[in-house]
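Participant: Only the shape, not the letters, is given here:
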């Protein structure tokens, strides 16, 4: 019986504690203990006299195992094993101890010890079954933990891959941002150059207009000065002759010429002073400005500037200035630039239409067409309105929608930067005003009714 008990105990220990996998060093110890127990049992069978001694040696070993499992930390994993076998061991130990010290009592209650042994074995079998279920549950928990760990590793790998993708995408975005900033910087530089070119073009037109404006009075001054020199030569001759009547006539002519010289000299002086006033560097400070005078001045400058560049250019100018306009607080250089740009565009439009109609010399439209630019001012409720109108080519709606966009132009390459109207729009907006456009085009050669009109509204 003891031999069977040892075999079952050893097998239970292997199965429950999984000594092969988790405690290989214990496997050898218990295997040796089992062999030693088997040897002792064999000796007991051969030598009956040693039966009692071997029995108590076995009890001592079993009790020590129980003690060690509950009191030594290294044997703590064996507690379930000891918990299952302790009743069997204790029943046998108590039975043998009672038979040794109280044989009469043992004889009276021997059946009781047999019954206790049966219950102890039932307990052992029950614990064996329970331990198997627990082992399966633990195995499931272990599999679940392993699965979770595998999923965690997979998620960690996915996270690492995503972090790498994010880092790569961030690097790409940073590179794109740097490229965009570089492109933006280059565009700003190009825009600055174009704005400078636009300003230089306006300055060239102003210079040509100023030169033409000054040239006219200077020509008068020169011509009348030449006449006076000739008259003075004649005066010397008449003085020698003593012809008083002729002398009086010559002196009268000289005085008239001098008046004309002074008049045209003052006119040239006024032109120079006006241009110095309107062409000096803008301080960005508004000042009271005569809008009618400013508009008329830049209209004439535009016309004479275009005439200076193209002698064949010719167009009519009609003005309608409201005397109620008076002075308005504006930056004259900036508003003058706007008027100059709009008038230049108007003259360009009528010139282009005249060229287009030149191929239709026999048509009534070509014969009756008179290129004209109108410039008018008007006092309105909250300020003044300046209108620039032409009877040129007009513009379709698709062009009107884009006309104030930077770099948009309908002129051929090299004739416009596309910034004139954009700058004009910004200048008027900076003055708290509005710049609008209305236009009409005609595809019928018989009507010829096409025009464009710009409206500048300035608050006062």
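Facilitator: That came through, no problem. Here the structure is a predicted model, which is why all the values come from computation and not from measurement.
Participant: and the strand or helix carrying residue 377, average pLDDT?
Facilitator: Counting by DSSP states H and E, the element that carries residue 377 is strand 372-380. Per-residue pLDDT over strand 372-380 has a mean of 95.
Participant: Just after it, pick out the following helix or strand.
Facilitator: Sequence order places strand 383-390 as the next helix or strand after strand 372-380, per DSSP H and E.
Participant: List the contacts of that following strand.
Facilitator: Defining contact as C-beta atoms under 8 Å, 6 or more residues apart in numbering, one finds that strand 383-390 is touched by 291, 295, 322, 325, 328, 339, 342-343, 345-347, 349-350, 371-378, 433, 451-460. Where you see a C-beta, it was placed from the backbone N, CA and C, and this is true even at glycine.
Participant: Filter those residues down to the buried ones.
Facilitator: For these, a burial check counting by 16 or more other C-beta atoms under 10 Å picks out 291, 295, 325, 328, 339, 342-343, 345-347, 349-350, 371-377, 433, 451-458.
Participant: In helices only, show me the residues you listed.
Facilitator: Counting by DSSP state H, the part of the buried ones among the contacts of strand 383-390 found in helices is 291, 295, 339, 342, 343, 345, 346, 347, 349, 350.
Participant: Which of these sits closest to residue 442?
Facilitator: Among these, residue 349 lies closest to residue 442 (C-beta to C-beta), at 13.5 Å.
Participant: Quick check: closest non-adjacent residue to the closest one.
Facilitator: residue 392 (2.7 Å; C-beta to C-beta, 6 or more residues apart in numbering).
Participant: That neighbour is in contact with residue 371, isn't it?
Facilitator: Yes: taking C-beta atoms under 8 Å as the definition, residue 392 is a contact partner of residue 371 at 7.4 Å.
Participant: distance of residue 174 from residue 313?
Facilitator: With distances taken as C-beta to C-beta, to the nearest Å, residue 174 is found 55 Å from residue 313.
Participant: try residue 412
Facilitator: According to C-beta to C-beta, residue 412 stands 17 Å off from residue 313.
Participant: More neighbours: which of the two?
Facilitator: residue 313 (17 against 7; other C-beta atoms under 10 Å).
Participant: low-confidence ranges in this structure?
Facilitator: 1-82, 135, 191, 194-213, 270-271, 273-283, 361-362, 407, 413-418, 443-448 (pLDDT under 70).
Participant: sorry, back to before: quick one: contacts of the strand holding residue 377?
Facilitator: Contact with strand 372-380 is made by 291-292, 295-296, 299, 315-322, 324-326, 339, 343, 346-347, 350, 384-391, 457, as judged by C-beta under 8 Å, 6+ apart.
Participant: for the residue nearest the centre of the chain, helix, strand, or coil?
Facilitator: The chain has residue 177 as the residue nearest its centroid, 8.4 Å off, counting by C-alpha atoms, centre = their mean. Classification of residue 177 by DSSP: H, G, I helix; E, B strand; the rest coil places it in helix.
Participant: Please apply the same query to the one 5 residues further on.
Facilitator: Following three-state DSSP, the label given to residue 182 is helix.
Participant: how many other residues sit next to it?
Facilitator: Other residues near residue 182 come to 10 when the count uses other C-beta under 10 Å.
Participant: Residue 439 too?
Facilitator: Neighbours of residue 439 under the rule other C-beta under 10 Å: 21.
Participant: and if you look at residue 123?
Facilitator: Counted with other C-beta under 10 Å, residues neighbouring residue 123 total 17.
Participant: And the one 5 residues further on, by the same measure?
Facilitator: Residue 128 is flanked by 16 other residues according to other C-beta under 10 Å.
Participant: So it sits against residue 85, correct?
Facilitator: No: between residue 128 and residue 85 there is no contact under C-beta under 8 Å: 9.9 Å.
Participant: so what's residue 436 bridging to?
Facilitator: Residue 436 has these beta-bridge partners by DSSP bridges: residue 455.
Participant: And it, how close does it get to residue 429?
Facilitator: Residue 436 sits 12 Å away from residue 429 when distances are taken as C-beta to C-beta.
Participant: Over to residue 241?
Facilitator: Taking C-beta to C-beta, one finds residue 241 at 73 Å from residue 429.
Participant: Start from the N-terminal end of the chain and give the strands.
Facilitator: Using DSSP state E, the strands of the chain run over 287-290, 316-320, 327-330, 372-380, 383-390, 434-440, 451-459.
Participant: okay, now residue 133: neighbour count?
Facilitator: 9.
Participant: contacting residues for residue 357?
Facilitator: Going by C-beta under 8 Å, 6+ apart, the list of residues near residue 357 reads 363, 365, 366, 369, 448.
Participant: One more: residue 460?
Facilitator: With C-beta under 8 Å, 6+ apart, residue 460 has these contacts: 328, 329, 382, 383, 384.
Participant: Over to residue 429?
Facilitator: Contacts of residue 429 (C-beta under 8 Å, 6+ apart): residue 435.
Participant: if we can go back for a sec, I'd like the strands of the chain laid out as a markdown table, including distance to residue 218.
Facilitator: Putting the strands of the chain into a markdown table (distance: least, C-beta to C-beta, whole Å) gives the following:
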| stretch | distance to residue 218 |
| --- | --- |
| strand 287-290 | 25 |
| strand 316-320 | 22 |
| strand 327-330 | 30 |
| strand 372-380 | 26 |
| strand 383-390 | 29 |
| strand 434-440 | 36 |
| strand 451-459 | 33 |
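Participant: what's the closest of those strands to residue 114?
Facilitator: Among those, the nearest to residue 114 by C-beta to C-beta is strand 434-440 (118.3 Å).
Participant: May I see the buried residues of that closest one?
Facilitator: 435, 437, 439.
Participant: Kindly reformat these as CSV containing distance to residue 113.
Facilitator: Output for the buried residues of strand 434-440, formatted as CSV (distance: C-beta to C-beta, whole Å):
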residue, distance to residue 113
435, 120
437, 121
439, 124
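Participant: thinking again about what came up before, how far is the strand holding residue 377 from where the chain is centred?
Facilitator: Offset of strand 372-380 from its chain centre (C-alpha atoms, centre = their mean, to the nearest Å): 44 Å.
Participant: Run the angle between that strand and strand 383-390 for me.
Facilitator: Strand 372-380 runs at 170 degrees relative to strand 383-390, counting by axes from the mean of the first three to the mean of the last three C-alpha atoms, to 10 degrees.
Participant: Hmm, residue 393 and residue 450 touching each other?
Facilitator: Yes: under the criterion of C-beta under 8 Å, residue 450 makes contact with residue 393 at 6.0 Å.
Participant: hey, what's in contact with both of these two?
Facilitator: Residues touching both residue 450 and residue 393 (C-beta under 8 Å, 6+ apart) are 353, 441.
Participant: Please point out which parts of stretch 130-137 sit buried.
Facilitator: Neighbour-count burial for stretch 130-137, counted by 16+ other C-beta under 10 Å, picks out residue 131.
Participant: Distance from it to the middle of the chain?
Facilitator: On C-alpha atoms, centre = their mean, the centre of stretch 130-137 falls 63 Å from the chain's centre.
Participant: Give the residues shared as contacts by residue 392 and residue 371.
Facilitator: Each of 350, 351, 353 lies in contact with both residue 392 and residue 371 under the rule C-beta under 8 Å, 6+ apart.
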